[in-house]
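# what would the 3D arrangement of this be:
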Amino acid sequence: MKNLFTVIIVILVCYFGWQKIFHKSNQTEGLYEDPYVIVYGRDSCGWTQQYLKDLKNEGIELIYESVDNEGVGDELHSRMREAGIDTRRYNLPVIDVNGQIFVRPKLDIVLEVYEIIDQG
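Residues are numbered from 1 along each chain as shown. Modelled structure (predicted):
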């Protein structure tokens, strides 16, 4: 029984490791033609509120979607699955930069991706 448990653990570790290494495409179809940033979060989430503040301080025009609003969570989960991101458990905010989905990324990454898209 102990060997079976060990084999199952090894298989699960390998599977999730494979997911992280080889399934890194976070790209989905963009929602708009022009460059955009959508912040998915909660009004009560400190991380979300700080992110909104930081992006506004950088002069980034953004769209804020509360996952507590009807349909927003379903739309977000659909886009995350399309991008290959696990929706069972994740941190907020989730950021969509012209179709690239990030889960609580560093601000520099969002700014870099937005600037690349905005310029060209």
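
# OK, contacts around Ile95?
With Cβ atoms under 8 Å, 6 or more residues apart in numbering as the criterion, the residues that contact Ile95 are 37-40, 51, 101-105, 110. Using the backbone N, CA and C atoms, a C-beta is placed for each residue, glycine as well.

# for it, which three-state class applies?
Using DSSP: H, G, I helix; E, B strand; the rest coil, the structure places Ile95 in strand.

# shaky segments in this protein?
Flagging of the chain using pLDDT under 70 yields the residue ranges 1, 12-32, 116-120.

# 50 instead?
Counting by pLDDT under 50, the chain contains low-confidence residues at 18-19, 21-25.

# could you work out the end-to-end span of stretch 62-82 for me?
Distances were taken as Cα to Cα, to the nearest Å; on that basis the terminal residues of stretch 62-82 are 22 Å apart.

# mind listing the strands for this protein?
Per DSSP state E, the chain has strands spanning 37-41, 63-66, 94-97, 100-103. These are given in chain order.

# rebuild these as TSV, extending it with distance to Glu75.
Below are those laid out as TSV (distance: least, Cβ to Cβ, whole Å):
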stretch	distance to Glu75
strand 37-41	9
strand 63-66	8
strand 94-97	10
strand 100-103	12
